[in-house]
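Engineer: This is a predicted model, with the sequence first.
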Amino acid sequence: MSPVVDDEEVRQAAMHNAAERARVRRQQEEQEREKEKERARRKAEELAAKLEAQKAAALVAEVSEECLLLGGC
């Protein structure tokens, strides 16, 4: 004798599967957001370091020019 599957059981199983897929999708989306935030943080750090290096180079150039104008340092 084959077991009889209740329509309500099928509906509940389908809802459970849909809820599980949605949970997994939300987790994946959150992981992607975290990765994007980390990439943005690293990029900001790189840009800040580049800006500081440019400022330092400009300062060295300015001081060197003043030294030349004043006859050496």
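Structural biologist: Nice, I can see it.
Engineer: and the strand or helix carrying residue 15, how far from the chain's centre?
Structural biologist: Assigned by DSSP states H and E, residue 15 falls within helix 7-69. The chain centroid and the centroid of helix 7-69 are separated by 2 Å under C-alpha atoms, centre = their mean, to the nearest Å.
Engineer: Which neighbouring elements make contact with that helix?
Structural biologist: Identification of packing neighbours for helix 7-69 by 3 or more C-beta pairs under 8 Å, 6 or more residues apart in numbering; DSSP states H and E yields no helix or strand. From N, CA and C alone the C-beta is placed, and that goes for glycine too.
Engineer: Can you report how many residues lie near residue 18?
Structural biologist: 10 (other C-beta atoms under 10 Å).
Engineer: With the one 4 residues further on instead?
Structural biologist: Other residues within reach of residue 22 by the criterion other C-beta under 10 Å amount to 10.
Engineer: Kindly report the same for the one 3 residues further on.
Structural biologist: Taking other C-beta under 10 Å as the neighbour definition, residue 25 ends up with a count of 10.
Engineer: measure it to residue 32 for me?
Structural biologist: Separation of residue 25 from residue 32 (C-beta to C-beta, to the nearest Å): 11 Å.
Engineer: repeat for residue 67
Structural biologist: Distance from residue 67 to residue 32, by C-beta to C-beta: 53 Å.
Engineer: next one: residue 48
Structural biologist: When distance is defined by C-beta to C-beta, residue 48 is 25 Å away from residue 32.
Engineer: now swap in residue 26 and tell me
Structural biologist: Applying C-beta to C-beta, the value for residue 26 to residue 32 is 11 Å.
Engineer: cool, residue 54 as well?
Structural biologist: 33 Å.
Engineer: cool, residue 39 as well?
Structural biologist: On the measure of C-beta to C-beta, residue 39 and residue 32 end up 11 Å apart.
Engineer: pLDDT below threshold where in the chain?
Structural biologist: Within the chain, the segments meeting pLDDT under 70 span 1-4, 72-73.
Engineer: 50 instead?
Structural biologist: Scanning the chain with the threshold set as pLDDT under 50 gives 1.
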